[in-house]
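Novice: here are the coordinates; sequence isn't available:
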C-alpha cells in the first residue's frame, strides 16, 4: 500500500510538471515602476481582415491556448484573437497593412521555445 501511494504521488508530480509547457521568460523582471501600455490604434474597416488557422502542439487550454491568445491580442495591428484549444484553431481579426500570414505565423511559432507550436491551414475569411 505504501509503495502504491509513493508511485501515485510521483506520477501526479511528474504529470503536473510536463503536462503544460509554459513560455520561458528570458528577460529581467520589471522594477516596481508601473508601466502604462499605450492604447492600440483604431483599425480602419477597409483594412480589417479575419483569418483562421490550426495550431499544432498545444497540450492544454490554460498554458498553451491562453498564452498564444494573449500574445496575439497584445500584438500591434491585431483587433481580436480567439484560440480554441478543443479544435486547435485560432481566429484573428487584424489590420492587413500591419500584419499578414507570415507575421502571425512567426508570432505563434515563436511562443514558448520556438519549436513547440506549428501553424497550418491558414485561411482568410
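Specialist: Yep, it's here. Just so it is clear, the model here is predicted, and its values are computed rather than measured. Numbering: from 1, shown residues only.
Novice: strands along the chain, start to end?
Specialist: Remark: strands assigned in the chain by DSSP state E are 48-56, 78-84, 89-95, 118-124.
Novice: let me know the pLDDT of residue 94.
Specialist: Reading off the confidence values, residue 94 has pLDDT 95.
Novice: do residue 121 as well
Specialist: If you check residue 121, the pLDDT there is 94.
Novice: can you check the one 3 residues further on too?
Specialist: For residue 124, the pLDDT comes out at 89.
Novice: ok, now residue 46?
Specialist: The per-residue pLDDT of residue 46 was computed as 89.
Novice: so where's the chain uncertain?
Specialist: Applying pLDDT under 70 to the chain picks out residues 3, 5, 8-40.
Novice: follow-up on the earlier one: between the strands of the chain, which gets nearest to residue 102?
Specialist: Closest approach to residue 102 among those (CB to CB): strand 118-124, 9.4 Å. Where you see a C-beta, it was placed from the backbone N, CA and C, and this is true even at glycine.
Novice: how about the helices in the protein?
Specialist: 2-18, 66-74, 101-110 (DSSP state H).
Novice: quick check, central residue of this protein?
Specialist: By CA atoms, centre = their mean, the mean C-alpha position of the chain lies nearest to residue 68, the distance being 0.6 Å.
Novice: residue contacts, it?
Specialist: With contacts defined as CB atoms under 8 Å, 6 or more residues apart in numbering, residue 68 is in contact with 55, 58, 83, 90, 108, 111, 117.
Novice: closest to residue 7 out of those?
Specialist: Nearest member of the contacts of residue 68 to residue 7, counting by CB to CB, is residue 58, at 28.9 Å.
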